[in-house]
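# I need the structure of the sequence given here:
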Amino acid sequence: MFKKILQSLSKSQQAKAQAPARPSGPLPVAPSSGAGLLSKVVPVAGAPATPRTPEELCEITPKMPRDQVAARLKLLYRRYNRGASSLDPKVRAEADRMLDAIVVVREKVFGEI
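So this is what the prediction gives:
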């Protein structure tokens, strides 16, 4: 594994050495090109913005067996428990929302502790 890491690092160092130098000045931008694109952007009306129920957040379906639900909740808990202590407020808020959803689904499927 250490050998693979060294190989990938050496490849990235070689790529940096072969890459052309960046221009020092600001890049030229057409003044009216952005306004035309922004006016053409239309939000999709049929797509939901965010899932609303804890089951949808955890991607749990009613037909899933209990052992599959337990495995899914275990995976999600491992993934989002780390984010709950993040310094980034967006990551922390998402992790808190997911951990709350995990608790609700666990209590609903397996009962309270």
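# any idea which helix or strand carries residue 100?
helix 89-110 (DSSP states H and E).
# whoops, I mixed them up, residue 56
Assigned by DSSP H and E, residue 56 falls in helix 54-58.
# Now for this structure, the helix or strand with the poorest mean pLDDT.
Ranked by mean pLDDT, DSSP states H and E, the weakest helix or strand in the chain is helix 33-40, scoring a mean of 50.
# what's the spacing between residue 99 and residue 108?
To residue 108, residue 99 is 15 Å away according to CB to CB, to the nearest Å. (Each C-beta comes from the backbone N, C-alpha and C, glycine too.)
# One more: residue 62?
Residue 62 is 11 Å from residue 108, by CB to CB.
# Comparing the two, which shows the higher neighbour count?
residue 108 (13 against 5; other CB atoms under 10 Å).
# Contacts only, for the more buried one.
By CB atoms under 8 Å, 6 or more residues apart in numbering, the contact set of residue 108 is residue 54.
# could you redo the last one with a cut-off of 10 Å?
Taking CB atoms under 10 Å, 6 or more residues apart in numbering, we find residue 108 in contact with 54-55, 60, 69.
# One more: residue 92?
83-86.
# Can you report how many residues neighbour residue 60?
So residue 60, with other CB under 10 Å, has 21 neighbours.
# That one is in contact with residue 75, isn't it?
No. Using CB atoms under 10 Å, residue 60 makes no contact with residue 75, being 11.6 Å away.
# With just CA atoms, put the helix or strand encompassing residue 68 into PDB.
For residue 68, the host element (DSSP H and E) is helix 66-83. Presented in PDB, the C-alpha positions along helix 66-83 are these (Å, rounded to 0.1, in the frame of the first residue of the first chain):
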ATOM      1  CA  ARG A  66     -34.800  -5.800   9.500                       C
ATOM      2  CA  ASP A  67     -31.300  -6.900   9.000                       C
ATOM      3  CA  GLN A  68     -30.900  -4.800   5.900                       C
ATOM      4  CA  VAL A  69     -32.300  -1.800   7.700                       C
ATOM      5  CA  ALA A  70     -29.900  -2.400  10.600                       C
ATOM      6  CA  ALA A  71     -26.900  -2.600   8.200                       C
ATOM      7  CA  ARG A  72     -28.000   0.600   6.400                       C
ATOM      8  CA  LEU A  73     -28.400   2.500   9.700                       C
ATOM      9  CA  LYS A  74     -25.100   1.200  10.900                       C
ATOM     10  CA  LEU A  75     -23.400   2.500   7.700                       C
ATOM     11  CA  LEU A  76     -25.100   5.900   7.900                       C
ATOM     12  CA  TYR A  77     -24.200   6.300  11.600                       C
ATOM     13  CA  ARG A  78     -20.500   5.600  10.900                       C
ATOM     14  CA  ARG A  79     -20.600   8.100   8.000                       C
ATOM     15  CA  TYR A  80     -22.400  11.000   9.800                       C
ATOM     16  CA  ASN A  81     -21.100  10.600  13.400                       C
ATOM     17  CA  ARG A  82     -17.700  11.900  12.300                       C
ATOM     18  CA  GLY A  83     -19.300  14.900  10.600                       C
END
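# No further queries at this time; thank you.
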